[in-house]
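In: Take this sequence and fold it.
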Amino acid sequence: MIHPSDPGLRDMNAVREGRSGPVTCASCGCRLTPEGDAWFHFSPLGGRDARGCRVDCAEVAHDASGRRLAVAV
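Out: Reported below is the predicted structural model:
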């Protein structure tokens, strides 16, 4: 369990509709974790999220609003 005063939690919030909360994927609702300037699903494995659900954006970078970032082809 993460203690609420953990300083690492400060960077895990985003503001949506005037309220602060965890960054979640706009497509599937999974919580995202920060890695550099992007946000990713927690422990993606083979196209599945941490719950084991298959989601097409599991291994794709997201922005702070939870939307997929454009991928260069």
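
In: Tell me where the model's unsure across the chain.
Out: Applying pLDDT under 70 to the chain picks out residues 1-19, 71-73.

In: Walking through it, point out its strands one by one.
Out: 13-16, 19-22, 32-35, 38-41 (DSSP state E).

In: Show me what the third one pairs with in its sheet, parallel or antiparallel.
Out: Strand 32-35 pairs in its sheet with strand 38-41 (antiparallel), by DSSP bridges.

In: who touches the strand it pairs with?
Out: 23, 25, 30, 32-33, 49-50, 55, 57-64, 66, 69 (C-beta atoms under 8 Å, 6 or more residues apart in numbering). C-beta: built from backbone N, CA, C; applies to glycine.

In: now do 6 Å
Out: Contacts to strand 38-41, defined as C-beta atoms under 6 Å, 6 or more residues apart in numbering, come from residues 23, 30, 32, 49, 58, 61-62.

In: swap in stretch 42-51?
Out: 30, 33, 41, 54-55, 58-59.

In: Please save the CA atoms from that stretch in PDB.
Out: Extracted C-alpha coordinates of stretch 42-51, given in PDB (Å, rounded to 0.1, in the frame of the first residue of the first chain):
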ATOM      1  CA  PHE A  42       0.900   0.000 -15.500                       C
ATOM      2  CA  SER A  43       2.800  -3.200 -16.300                       C
ATOM      3  CA  PRO A  44       1.600  -3.700 -19.900                       C
ATOM      4  CA  LEU A  45       2.300  -7.200 -21.100                       C
ATOM      5  CA  GLY A  46       1.500  -8.500 -24.600                       C
ATOM      6  CA  GLY A  47      -1.200  -5.900 -25.300                       C
ATOM      7  CA  ARG A  48      -2.900  -6.400 -21.900                       C
ATOM      8  CA  ASP A  49      -3.200  -4.000 -19.100                       C
ATOM      9  CA  ALA A  50      -2.500  -4.700 -15.400                       C
ATOM     10  CA  ARG A  51      -5.900  -6.400 -15.000                       C
END
